[in-house]
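# return atomic coordinates for the entry below.
(one chain, ligands or ions: 3)
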Amino acid sequence: MKVDVLLGLQWGDEGKGKVVDVLTPRYDVVARFQGGPNAGHTLEFEGQKYVLRSIPSGIFQGDKVNIIGNGVVLDPALFKAEAEALEATGHKLKDRLHISKKAHLILPTHRMLDAAYEAAKGDAKVGTTGKGIGPTYTDKVSRNGVRVGDILENFEQKYAEAKKRHEQILKSLNYEYDLTELEKDWMQGIEYLKSFTLVDSEHEINNLLRDNKTVLCEGAQGTMLDIDFGSYPFVTSSNTVCAGACTGLGIAPNKIGEVYGIFKAYCTRVGAGPFPTELFDETGDKICTLGHEFGSVTGRKRRCGWIDLVALRYSIMVNGVTKLIMMKSDVLDTFPLIKACVAYKMNGEEIDYFPYSIDNNVEPVYVELPGWEMDMTNMQSEDEFPEEFNAYLTFLEEQLGVEIKIVSVGPDRAQTIERYTEE
Ligand code: GDP
Ligand code: IMO
Ligand code: MG
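Ligands and ions are numbered 1, 2, ... in the order given. Here you go, the predicted model:
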């Protein structure tokens with residue numbers, strides 16, 4: 001069997017958690033392949049709301065196995081808090097959440113380093129989530145990391161060596177910190193981790209595929225935050241693109257099946273960095289208010305703007321997206337007019353491709369479309385879609401060259417409409 005991948009096409013928070021949850025009944029296994037507790041994936045069903053950071057979003061549907069792959073970075077303290085909160089609500093995790101031994105551990109000092117590097121950057125700071133993501137991936141690549149598998153053997157020494165190295169750097173940056181509480185929670189997290197099934201995810205996934213099982217890979221962040229293809233340096237530190245599923249789980253590229261690309265009907269970004277279609281006016285505020293655009297992890301206000309089709313086309317290209325999913329269309333339900341950026345103006349010239357840099361040097365070129373001005377949140381089928389909404393979908397499909405297969409009209413699991421277009 002092949003593996004399907006679901007990932008964000010914008011700057012994150014597209015609604016990945018919700019859709020992974022909706023699609024989970026169709027798969028045997030759900031697996032996360034990159035990122036860490038910088039992610040905040042929200043799911044709503046039966047009047048309950050859950051925010052997942054490190055645990056895959058397939059955990060609520062039946063007793064499916066969920067895997068945290070080798071490409072993920074894991075903070076044991078945050079993981080323990082997240083897992084215990086879920087267990088407390090009656091969701092049993094122990095036997096069905098498998099964790100790769102090759103996933104790297106976020107140490108308390110990684111979080112300190114994240115804060116220290118951000119402080120040292122001053123105005124040029126990235127606006128990270130402060131979870132130690134960058135420093136942990138840096139240690140991984142520089143061959144200094146501590147992995148989940150290390151907790152089983154000679155751990156104290158490995159931890160002490162890494163901590164010592166980090167403390168030297170923190171000292172050189174004159175960064176003051178107190179590790180006492182963090183370290184205590186973290187060590188408890190390490191003990192807690194030992195009670196989970198620690199695996200080699202590459203073997204597990206490939207054995208599943210050989211046995212004709214189906215796997216859905218859940219991306220974190222979004223393509224515009226990818227370390228290679230995002231708006232560097234205002235990006236995260238992992239490959240959020242489809243290829244990240246190969247390296248983050250041990251899946252060969254020819255095993256990838258469908259690639260679900262997910263986007264909002266508009267666009268948001270949290271943290272610093274360029275955002276060509278950002279709105280600084282009442283329209284932006286209206287999107288923010290109606291869309292409840294506040295970070296699910298940090299609570300930070302998300303910057304809002306119109307949909308950027310230049311960036312989306314680029315994301316679709318680098319991921320090989322085969323099916324599109326549009327989220328949060330209901331947020332635009334009351335807008336008489338909707339804008340979509342179809343090109344950029346750069347140095348007086350109009351371009352329709354995503355350039356090397358989008359720093360202040362690009363100006364969006366918009367097409368205006370009539371809004372549908374109708375409450376769509378209770379709609380159950382595409383037969384109910386208003387004419388203007390169908391026109392918006394058709395316009396997007398023409399611009400993007402890929403069919404929109406699912407439309408989300410509200411945060412709840414039930415507010416999801418599949419479009420039955422011919423295959
Ligand atoms: P993720 O990181 O991609 O999983 O997305 P987040 O959970 O960070 O942010 C998406 C937010 O939008 C969450 O608060 C969801 O509950 C909410 N959401 C998801 N889909 C919809 C939708 O179709 N309409 C509305 N209004 N909210 C949605
Ligand atoms: P989900 O999976 C939105 C952003 C941060 C910052 C940059 C780098 O919920 O979509 P990091 O802590 O990763 O070093 O921060 O990336 N960022 C996200 N923005 N959604 C996310 O995850 C994000 N994870 C990181 O705001 O700009
Ligand atoms: Mg999120």
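# what's the spacing between the top helix by length along the chain and its chain's center?
Among the segments of the chain that qualify as a helix by DSSP state H, the longest is helix 155-172. Centre-to-centre, helix 155-172 and its host chain are 30 Å apart (CA atoms, centre = their mean, to the nearest Å).
# what's in contact with that helix?
Residues from elsewhere that reach helix 155-172 (CB atoms under 8 Å, 6 or more residues apart in numbering): 107-110, 112-113, 116, 135, 139, 144-146, 150, 177, 190. (C-beta placed from N, C-alpha, C; glycine too.)
# next one: stretch 107-126
Stretch 107-126 is contacted from outside by 75, 77, 127-128, 130-136, 139, 146, 159, 162-163, 166-167, 169-170, 173, 175, 177, 179, 182-183, 186, 233-235, 271-273, using CB under 8 Å, 6+ apart.
# one more pass at 6 Å, please.
By CB atoms under 6 Å, 6 or more residues apart in numbering, the residues outside stretch 107-126 that reach it are 128, 130, 132, 134-136, 162-163, 166, 170, 173, 175, 177, 179, 182-183, 186, 234, 272.
# same check, this time on stretch 62-71
29-34, 56, 58-59, 96-100, 102-103, 201, 247-249.
# repeat that for stretch 344-360.
With contact meaning CB under 6 Å, 6+ apart, stretch 344-360 is reached by 274, 276, 310-311, 314, 343, 361-363, 365.
# which stretches of this protein have low pLDDT?
By pLDDT under 70, the low-scoring segments of the chain are 421-423.
# mind redoing it with 80?
1, 296-298, 360, 421-423 (pLDDT under 80).
# tell me the residues on it that lie near ligand 1, please.
Within the chain, the positions near ligand 1 by CB under 6 Å from any ligand atom are 8, 12-18, 39-42, 44, 292, 296, 327-328, 330-331, 408-411.
# among those residues, which are located in strands?
8, 41-42, 44, 327, 408 (DSSP state E).
# need the residues you listed in a markdown table with neighbour count, can you?
Below are these laid out as a markdown table (neighbours: other CB atoms under 10 Å):
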| residue | neighbour count |
| --- | --- |
| Gly8 | 28 |
| His41 | 26 |
| Thr42 | 18 |
| Glu44 | 17 |
| Met327 | 27 |
| Ser408 | 24 |
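# give me the neighbour count for Gly122.
Residues near Gly122, counting by other CB atoms under 10 Å, number 7.
# same deal with Asn347?
8.
# which phi and psi does it have?
phi 50, psi 40 (degrees, to the nearest 10).
# please determine how far it is located from ligand 3.
35 Å (CB to the ion, to the nearest Å).
# quick one on the thing from earlier: of the contacts of helix 155-172 - the most surrounded one?
Result: His110 is most packed of those (other CB under 10 Å), 28 neighbours.
# ok, of the contacts of stretch 107-126, which come out buried?
By neighbour count, with 16 or more other CB atoms under 10 Å, the contacts of stretch 107-126 hold 128, 132, 134-136, 162-163, 166, 170, 175, 179, 182-183, 186, 234, 272 as buried.
# closest one to ligand 3 out of those, please.
Taking CB to the ion as the measure, Thr128 is the one of the buried ones among the contacts of stretch 107-126 closest to ligand 3, at 14.2 Å.
# so Leu208 versus ligand 1, what's the distance?
24 Å (CB to the nearest ligand atom, to the nearest Å).
# which residues touch that residue?
Counted by CB under 6 Å, 6+ apart, Leu208 has contacts Val29.
# same question for Lys264.
By CB under 6 Å, 6+ apart, the residues touching Lys264 are 14, 327-328.
# now Val270
Here Val270 is in contact with 295, 300, 302 (CB under 6 Å, 6+ apart).
# need the helices for the stretch 151-300 of the chain, in chain order.
155-172, 180-193, 201-210, 243-249, 282-290 (DSSP state H, counting those that start in this stretch).
# buried ones in the first one, by neighbour count?
Read that as helix 155-172. 158-159, 162-163, 166-167, 170.
# and Thr128, what element?
Here Thr128 is covered by no helix or strand, with elements defined by DSSP states H and E.
# which parts of the chain sit against ligand 3?
Applying CB under 5 Å from the ion, we find that the chain lies next to ligand 3 at 13, 40, 296.
# at 8 Å instead, please
12-13, 16-17, 39-42, 220, 295-297 (CB under 8 Å from the ion).
# coming back round to it: which of the ones in strands among the residues of the chain next to ligand 1 sits closest to ligand 3?
His41 (5.7 Å).
# beta partners of the closest one?
For His41, the beta-bridge partners under DSSP bridges are Leu52.
# do I have it right that it meets Gly17?
Yes: counting by CB atoms under 6 Å, His41 sits close enough to Gly17 to count as a contact (2.7 Å).
# what is in contact with those two at once?
Ser57.
# residue of the stretch 251-400 of the chain closest to ligand 3, please.
Ser296 (4.9 Å).
# got the contact list for that residue?
Applying CB under 6 Å, 6+ apart, we find Ser296 in contact with 40, 42, 51.
# ok, it to Ala243 distance?
With the distance defined as CB to CB, to the nearest Å, Ser296 ends up 26 Å from Ala243.
# now do the SS call for Gln61.
Assigned with DSSP: H, G, I helix; E, B strand; the rest coil, Gln61 falls in the coil class.
# relative to ligand 1, how far out is it?
Counting by CB to the nearest ligand atom, the gap from Gln61 to ligand 1 is 15 Å.
# surely that residue meets Leu23?
No: using CB under 6 Å, Gln61 is not in contact with Leu23; the gap is 9.0 Å.
# which residues does the residue of the stretch 51-200 of the chain found nearest ligand 3 contact?
Across the stretch 51-200 of the chain, no residue is closer to ligand 3 than Val51, which sits at 8.1 Å (CB to the ion). Val51 makes contacts with 40, 42, 296, as judged by CB under 6 Å, 6+ apart.
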